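Undergrad: Sequence and predicted model, in that order:
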Amino acid sequence: MSVPVLLVTGFLGAGKTTLINALLQADHGLRIAAIVNDFGAINIDAALVGPSADGVIGLRNGCICCSLQGDLLRTLKIVLGQSPSPELIVIEASGVADPAGITRSLTDPVIWNAARLQTVACVIDATDAARRRDDPLWQAQARGSDMLLLAKSGLVDMAARDRLSLSLAAAFRQRLLDLESGLPLPALLDPDGPTLRASSPTPLRDDRFVHLDWTCDGPVPLDAFQRVMGRLAPDLLRAKGFLRLKGRETRVLFQLSGQRATLSAAEEDGAEGCQLVLIGQKDSFDPDAARIELDALARA
Ligand SMILES: Nc1nc2c(ncn2[C@@H]2O[C@H](COP(=O)(O)OP(=O)(O)OP(=O)(O)O)[C@@H](O)[C@H]2O)c(=O)[nH]1
């Protein structure tokens with residue numbers, strides 16, 4: 001029998017991993033396998049989803065809508081060969097992916113017989129949507145989905161949330177659900193959900209993004225790290241990773257999305273040092289210059 005697939009798309013930092021973690025931990029009784037795709041060579045998402053699920057496979061250093069398509073199909077075969085087999089497969093697209101590329105791969109008749117793309121859900125960052133509205137990739141992600149899931153709506157005021165809901169309803173035909181009202185399990189897991197779809201449009205090839213994968217073996221000082229990130233943040237679209245801070249026993253998880261940076265306790269995994277991924281646009285972010293600044297931190 002064909003295993004249903006839920007594809008989660010959305011721009012960098014929108015809230016895809018957070019949604020998938022919530023889904024994996026929810027009370028649905030389903031055996032779920034997750035395939036997560038990070039743009040950089042360091043697979044932060046697999047580590048973030050890993051603690052909550054057994055069947056998590058990370059695809060890295062590319063994007064499954066284009067360069068990693070073959071990897072996705074190979075990974076799907078591995079996931080489908082697991083025993084017991086999953087009852088649902090969740091695929092997280094990278095934040096730079098046009099879901100049309102993935103939808104095309106998944107609607108191949110051979111794949112379809114084994115794993116049937118059921119629903120494409122696009123996570124929309126309520127704090128970032130007004131700025132992104134005219135971005136062709138952001139639009140392709142929303143348009144290529146079956147439902148829009150509003151994340152972080154608690155971080156914007158009610159009037160801004162209402163304006164956003166109205167503009168999304170005017171621009172897209174999809175159903176809009178606010179994640180602040182709870183995880184929409186019936187919509188995400190509905191076996192009678194969207195499924196049969198028209199052939200996907202030609203996927204958008206967006207090559208404006210560059211990234212830096214930065215690692216160091218030792219700890220870094222928090223105040224100097226914050227100064228460096230303060231300088232880099234205006235040119236970044238996304239940063240995330242694990243840091244070993246001087247004077248702290250355990251590593252912390254650093255997240256930057258939009259202009260919002262957070263540090264939180266990381267799951268202890270025995271790993272040492274720091275692993276960080278920084279993503280920006282070619283015209284404003286210089287990964288080599290950022291590497292020099294970060295390397296200086298490691299020597300501080
Ligand atoms: N307050 C709030 N924060 C959220 C919500 N969803 C995500 N975040 C935060 O937003 C940041 C990015 O969330 P992720 O779930 O990692 O976003 P993502 O879309 O998986 O990011 P990429 O895979 O890097 O594109 C993290 O700091 C999350 O804690 C939400 O609904 N409310």
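TA: Thanks, I have it.
Undergrad: And the average pLDDT for the host helix or strand of Val90 is what?
TA: If you go by DSSP states H and E, Val90 is part of strand 88-92. For strand 88-92, the mean per-residue pLDDT is 92.
Undergrad: Now do whichever helix or strand comes after that strand against strand 88-92, angle only.
TA: Past strand 88-92, further along toward the C-terminus, the next helix or strand under DSSP H and E is helix 99-106. Angle of helix 99-106 versus strand 88-92, following axes from the mean of the first three to the mean of the last three Cα atoms, to 10 degrees, is 140 degrees.
Undergrad: Contacts only, for Gln255.
TA: Each residue near Gln255 by Cβ atoms under 8 Å, 6 or more residues apart in numbering is listed here: 13, 239-240, 261-262, 264. In short, each C-beta sits where N, CA and C put it, glycine included.
Undergrad: chain center to the helix or strand harbouring it, what's the gap?
TA: In this structure, Gln255 sits in strand 252-257 according to DSSP H and E. Taking Cα atoms, centre = their mean, to the nearest Å, one finds the center of strand 252-257 at 13 Å from the center of the full chain.
Undergrad: Then stretch 169-178?
TA: The answer for stretch 169-178 is 20 Å, by Cα atoms, centre = their mean.
Undergrad: Now the terminal residues of that stretch, how far apart.
TA: Using Cα to Cα, to the nearest Å, one end of stretch 169-178 lies 13 Å from the other.
Undergrad: And for that stretch, what's in contact with it?
TA: Here stretch 169-178 makes contact (Cβ under 8 Å, 6+ apart) with 122, 133, 139, 142-143, 145-150, 153, 161, 165, 168, 184, 187.
Undergrad: Following the chain onward from the longest strand along the chain, which element is next?
TA: In the chain, with assignment by DSSP state E, the single longest strand is strand 115-125. Downstream of strand 115-125, the first helix or strand assigned by DSSP H and E is helix 129-132.
Undergrad: Spit out the contact partners of the closest residue to Asp206 other than its chain neighbours.
TA: Using Cβ to Cβ, 6 or more residues apart in numbering and skipping the chain neighbours, the partner closest in space to Asp206 is Leu137 (4.8 Å). For Leu137, the contacting residues are 11, 96, 98, 204, 206, by Cβ under 8 Å, 6+ apart.
Undergrad: isn't the third one right up against Gly144?
TA: Yes - under the contact definition of Cβ atoms under 8 Å, Asp98 touches Gly144, with a separation of 6.7 Å.
Undergrad: Return the list of helices and strands in contact with whichever helix or strand Leu278 is part of.
TA: Using DSSP H and E, the element containing Leu278 is strand 274-281. Applying 3 or more Cβ pairs under 8 Å, 6 or more residues apart in numbering; DSSP states H and E, one finds that strand 274-281 contacts strand 209-216, strand 236-243, helix 287-299.
Undergrad: Tell me if it is near the ligand.
TA: No - shown here: strand 274-281 not in contact with the ligand (Cβ under 6 Å from any ligand atom), separated by at least 7.5 Å.
Undergrad: tilt between that strand and helix 287-299?
TA: If you take the same axes, to 10 degrees, strand 274-281 sits at 160 degrees to helix 287-299.
Undergrad: List the buried residues in strand 274-281.
TA: 274-280 (16 or more other Cβ atoms under 10 Å).
Undergrad: Same check on stretch 17-33?
TA: Applying 16+ other Cβ under 10 Å to stretch 17-33 flags 17-24, 28, 32-33 as buried.
Undergrad: Dump that stretch to PDB, restricted to CA.
TA: This file holds the C-alpha atoms of stretch 17-33, laid out as PDB (Å, rounded to 0.1, in the frame of the first residue of the first chain):
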ATOM      1  CA  THR A  17      11.300  22.300  11.700                       C
ATOM      2  CA  THR A  18       9.300  23.500  14.700                       C
ATOM      3  CA  LEU A  19       6.100  22.300  13.000                       C
ATOM      4  CA  ILE A  20       7.600  18.900  12.200                       C
ATOM      5  CA  ASN A  21       8.800  18.500  15.800                       C
ATOM      6  CA  ALA A  22       5.400  19.300  17.100                       C
ATOM      7  CA  LEU A  23       3.900  16.800  14.600                       C
ATOM      8  CA  LEU A  24       6.300  14.000  15.600                       C
ATOM      9  CA  GLN A  25       5.500  14.600  19.300                       C
ATOM     10  CA  ALA A  26       1.700  14.900  18.900                       C
ATOM     11  CA  ASP A  27      -0.800  12.300  20.000                       C
ATOM     12  CA  HIS A  28      -1.800  10.600  16.700                       C
ATOM     13  CA  GLY A  29      -0.400   7.100  17.200                       C
ATOM     14  CA  LEU A  30       1.200   7.100  13.700                       C
ATOM     15  CA  ARG A  31       4.700   5.800  12.900                       C
ATOM     16  CA  ILE A  32       6.200   8.800  11.100                       C
ATOM     17  CA  ALA A  33       9.500   9.000   9.200                       C
END
